[in-house]
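In: Sequence below, structure please.
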Amino acid sequence: MIELIKIIHDEFPVGDSKNGFDYVFDGIYSFLDIFGAERKSYNEYVELKNLLVKRIYIGLETGDKTLFKYLNKPGSPTECIDVVSTIRSAGINIGIIVLAGAGGKRFYDEHVENTVETILKMPLGNGDIVYISPLVVDESDEYVKIMEELGSKMLNKFEIVEQIQGIKEGLKDLIKSG
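Out: Sure, this is the predicted structure:
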């Protein structure tokens, strides 16, 4: 990955030097599969920061352990907290992505409560983002079939908006910390 980022620096104007370009990208923003086979160390994240990686987005989706598994995500919300702590300690900002509507009606309360609880355990601050994305699925998706087998009905658009507001309300104290 380091070699690929160095190629980005060679091909695009990133950081302070313009290299003859009229514009400069302020940094590199990336998405991380937090549960990949290979976890990066603190020192590797410091190296990424030195290569101007500014923010890493992580698809937490939910903080509820049970729903997390139904979303077919390996790992756990606790592992996400650990990864976020390592990345933040290296000086890179975080973007946490949550799926509003995940788990439907059956997991509604657990999804909100445990997602808020999980995010509040993360050392987030200035420059970090919590992005709440409405769940959009195709009726043929495997996820929809699993939810139907569990007897969980999908949320309608009004219930999704309500859930987004519930998550935001639970996270309002994050704003005080930046």
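
In: other SSEs contacting the helix or strand encompassing residue 99?
Out: Secondary structure assignment for residue 99, by DSSP states H and E: strand 93-100. Counting contacts by 3 or more Cβ pairs under 8 Å, 6 or more residues apart in numbering; DSSP states H and E, strand 93-100 is packed against strand 53-61, helix 77-89, helix 108-120, strand 129-134, helix 157-170. (Each C-beta comes from the backbone N, C-alpha and C, glycine too.)

In: Check which helices and strands the last one sits against.
Out: Helix 157-170 sits against strand 93-100, helix 108-120, strand 129-134, with contacts defined as 3+ Cβ pairs under 8 Å, 6+ apart.

In: Show me the shaky parts of the protein.
Out: Scanning the chain for pLDDT under 70 picks out 16-23, 34-38, 177-178.

In: go again using 90 as the cut-off
Out: Across the chain, the ranges flagged by pLDDT under 90 are 1-28, 31-40, 69-75, 136-148, 173-178.

In: quick one on the thing from earlier: output the strand holding residue 99 as PDB, nothing but the C-alphas.
Out: Listed next in PDB are the C-alpha coordinates belonging to strand 93-100 (Å, rounded to 0.1, in the frame of the first residue of the first chain):
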ATOM      1  CA  ASN A  93      -8.800  11.400  11.200                       C
ATOM      2  CA  ILE A  94     -11.700   9.000  11.100                       C
ATOM      3  CA  GLY A  95     -14.900   8.800   9.200                       C
ATOM      4  CA  ILE A  96     -17.400   6.300  10.800                       C
ATOM      5  CA  ILE A  97     -20.200   5.100   8.500                       C
ATOM      6  CA  VAL A  98     -23.400   3.800  10.100                       C
ATOM      7  CA  LEU A  99     -26.400   2.300   8.300                       C
ATOM      8  CA  ALA A 100     -29.700   3.700   9.400                       C
END
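
In: Could you tell me which residues within stretch 158-171 count as buried?
Out: For stretch 158-171, the buried set under the neighbour-count rule, 16 or more other Cβ atoms under 10 Å, comprises 159, 160, 163, 164, 166, 167, 170, 171.

In: CSV please, covering the helices and strands packed on helix 157-170 and showing distance to residue 70 and mean neighbour count.
Out: Below are these laid out as CSV (distance: least, Cβ to Cβ, whole Å; neighbours: other Cβ atoms under 10 Å):
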stretch, distance to residue 70, mean neighbour count
strand 93-100, 12, 21
helix 108-120, 11, 20
strand 129-134, 17, 15
